[in-house]
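> let's see this in three dimensions:
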Amino acid sequence: MKCMRIASAMLLLATTLLSGCWDQKSIQDLRYLTAMGIDYVNNEYVLYAQSTDLSSVAKQESSTSLQSPPATISIGKGKTLQSAFDNLQKKAQVPVFLGFVSSLVFHERLLQKGIISAHDIMNRYGLIRYTKWVFGTREPIDKVLSSHSLVGFSPLNSLLHQPKDVYEQRSFIEPIQFFRFISSFWEPSNTVLLPNITLYEHSWKENNKFISRLSLDGIHAIHRGQWKGYFPSRDLMGLRWMNSDTEFAGLIIWQNNSAKATMRIEHVQLEIDPITTGELPRYEVTVSLKGFVREMMKKVTPDYIQKDAEKQVADQIRGTYLKGVKAGTDLYGLEESLFQKDYQAWRKYEMRKRNKLTPDSLTQIKVHMHLSDSGKMKMDTVKYPDPLGREQK
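Below is the predicted model of the structure:
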């Protein structure tokens, strides 16, 4: 009994020496980074970090701000990325936290130099997650990371942090997350298509003044770690038809240089068949689409809509393919289909250095368009009725 009392007294005395979570920081005492950008200028890495105030992210019930919430941009420079980050932290007034970074932007200058060093540090630091979105840019990164949110919305409600929601409404250039980017980056047969994010200042107005908004206007192609060039949107019209993730894309039906109808295309099904019987690999492409009529400006038959849509899709696929071939880039990932379906053939061509595409490598493009519906207006055009009930021609 005496031993029990001594043990209890010692335990009680030990508890007085405990200090609890003595190094814990309150959330208001940290600066939360939400996006990062990396540039390479004058043989130095330039690191940009966007941080936001938590009070602007949380919903405000009591009042509504009439101004867009600001974003703070921090800048650090150094011969290595770690030294650039150290210099960024050196000027910080409060500790920074990287666990909420949801976007990463590479400048074209860094892509041209090579991003292996950026990949290295981003993977070694455990708090930076693989789910962040990745972009390239040709604009000053500090301007890209500035606040572009709408009035009344959080700074995180923007194309920089939530690009997938916009892509689902208009599928053209698909955003990519870091884990998919890295997975494709290290595959020798893959060409990574990194979306280019840019500033657009002539589309939205507030108080009768143009305001800047972000937009995806092209892609940067990367193959085996090397930057293969920038391709603007006008050269990528066929890209959406060669992507099974396309959810909602538009097409105009023409006849005699006059717009007859507009369509919305969804449910893209893609099949790429490599042909390995020749000296060079060749490919046949089959694309199945589901479309519905969105507008009818002039009377036109469903058969004509189907045939014109199929021809346009095939022409756009061929046009984008040739743009890539001219630049020595496999924009459709045709080599990847050969790598996956017939590795031995891919290895044979690779040993002979015969995997490079030519204008004739894409031998056939088959397009099957299924018209699902034309909405509640059916296939009729809208006309104002004659007041006397006469039939209008």
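> secondary structure class for Thr286?
strand (DSSP: H, G, I helix; E, B strand; the rest coil).
> quick one: neighbours of it, just the number.
As a burial measure, Thr286 scores 14 neighbours (other C-beta atoms under 10 Å). The C-beta positions use only the backbone N, C-alpha and C, and glycine is treated the same way.
> residues contacting it?
The contact partners of Thr286, taken as C-beta atoms under 8 Å, 6 or more residues apart in numbering, are 270-271, 273, 366, 368.
> mind doing that once more with 6 Å?
271, 366 (C-beta atoms under 6 Å, 6 or more residues apart in numbering).
> quick check, pLDDT for Gly238.
Looking at Gly238, its pLDDT is 95.
> sorry, slip of the keys, the one I care about is Glu266.
84.
> separation between it and Leu159?
Plainly put, Glu266 is 21 Å away from Leu159 if you go by C-beta to C-beta, to the nearest Å.
> give me the more crowded residue out of these two.
Between Glu266 and Leu159, counted using other C-beta under 10 Å, Leu159 has the larger neighbour count: 22 against 14.
> does the more buried one touch Leu214 like I think?
Yes. In this structure Leu159 lies within contact range of Leu214 using C-beta atoms under 6 Å: 4.2 Å.
> for the helix or strand containing His119, what is the average pLDDT?
Per DSSP states H and E: His119 is located in helix 116-124. Mean per-residue pLDDT for helix 116-124: 80.
> next helix or strand past that helix?
Once helix 116-124 ends, the next helix or strand along the chain (criterion: DSSP H and E) is strand 133-137.
> which stretches in the stretch 251-393 of the chain count as helices?
For the stretch 251-393 of the chain, the helices defined by DSSP state H, counting those that start in this stretch cover 302-326, 334-341, 343-351.
> those helices into JSON lines, with extra columns for mean neighbour count and mean pLDDT?
Listed next are these as JSON lines, based on neighbours: other C-beta atoms under 10 Å; pLDDT from 0 to 100:
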{"stretch": "helix 302-326", "mean neighbour count": "18", "mean pLDDT": "94"}
{"stretch": "helix 334-341", "mean neighbour count": "20", "mean pLDDT": "95"}
{"stretch": "helix 343-351", "mean neighbour count": "14", "mean pLDDT": "93"}
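> okay, domains of the protein per the record?
The chain breaks down by automatic domain parsing into domains covering 29-54+69-232, 237-380.
> so can I have CSV of the helices of the stretch 251-393 of the chain showing distance to Met242?
CSV is the format used below for those (distance: least, C-beta to C-beta, whole Å):
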stretch, distance to Met242
helix 302-326, 6
helix 334-341, 9
helix 343-351, 19
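> grab the nearest non-local neighbour of the residue nearest the centre of the chain.
By C-alpha atoms, centre = their mean, the chain has its centre lying nearest to Pro175, at 1.5 Å. Spatially, and ignoring its direct neighbours in sequence, Pro175 is nearest to Pro163 (3.7 Å; C-beta to C-beta, 6 or more residues apart in numbering).
> just Gly250 next, same as before
The shortest distance from Gly250 to any non-neighbouring residue, by C-beta to C-beta, 6+ apart, is to Arg264 (5.9 Å).
> mind checking pLDDT for the nearest residue to Gly328 once chain neighbours are set aside?
Distances taken as C-beta to C-beta, 6+ apart place Lys228 nearest to Gly328, at 6.8 Å, with adjacent residues excluded. On the pLDDT scale, Lys228 is placed at 95.
> count of neighbours near Lys228?
Residues lying near Lys228 (other C-beta under 10 Å) number 19.
> so it sits right up against Ala221, yeah?
Yes. Applying C-beta under 6 Å, one finds Lys228 in contact with Ala221, separated by 4.0 Å.
> flag the shaky bits of this protein, pLDDT-wise.
Applying pLDDT under 70 to the chain picks out residues 1-29, 53-70, 147-153, 205, 207, 373-393.
> tell me which helix or strand the closest residue to Arg224 other than its chain neighbours sits in.
Using C-beta to C-beta, 6+ apart and skipping the chain neighbours, the partner closest in space to Arg224 is Pro188 (5.9 Å). Under the criterion DSSP H and E, no helix or strand holds Pro188.
> again, but for Gly229
strand 226-232.
> strand partners of that strand, parallel vs antiparallel please.
Strand 226-232 pairs in its sheet with strand 209-223 (antiparallel), by DSSP bridges.
> tell me the angle the partner strand makes with helix 334-341.
Relative orientation of strand 209-223 versus helix 334-341 (axes from the mean of the first three to the mean of the last three C-alpha atoms, to 10 degrees): 50 degrees.
> quick one: distance of strand 209-223 to the chain centre.
Offset of strand 209-223 from its chain centre (C-alpha atoms, centre = their mean, to the nearest Å): 10 Å.
> now the strands for the stretch 151-300 of the chain?
Under the criterion DSSP state E, counting those that start in this stretch, strands of the stretch 151-300 of the chain are mapped to 176-177, 191-206, 209-223, 226-232, 249-255, 258-275, 282-296.
> beta partners for the residue nearest to Phe106 when sequence neighbours are not counted?
Among residues not flanking Phe106 along the chain, Gly136 sits closest, at 5.2 Å (C-beta to C-beta, 6+ apart). On the basis of DSSP bridges, Gly136 is bridged to Phe106, Asn196.
> and Trp241, what is it in contact with?
Residues near Trp241 by C-beta under 6 Å, 6+ apart: 287, 313, 317.
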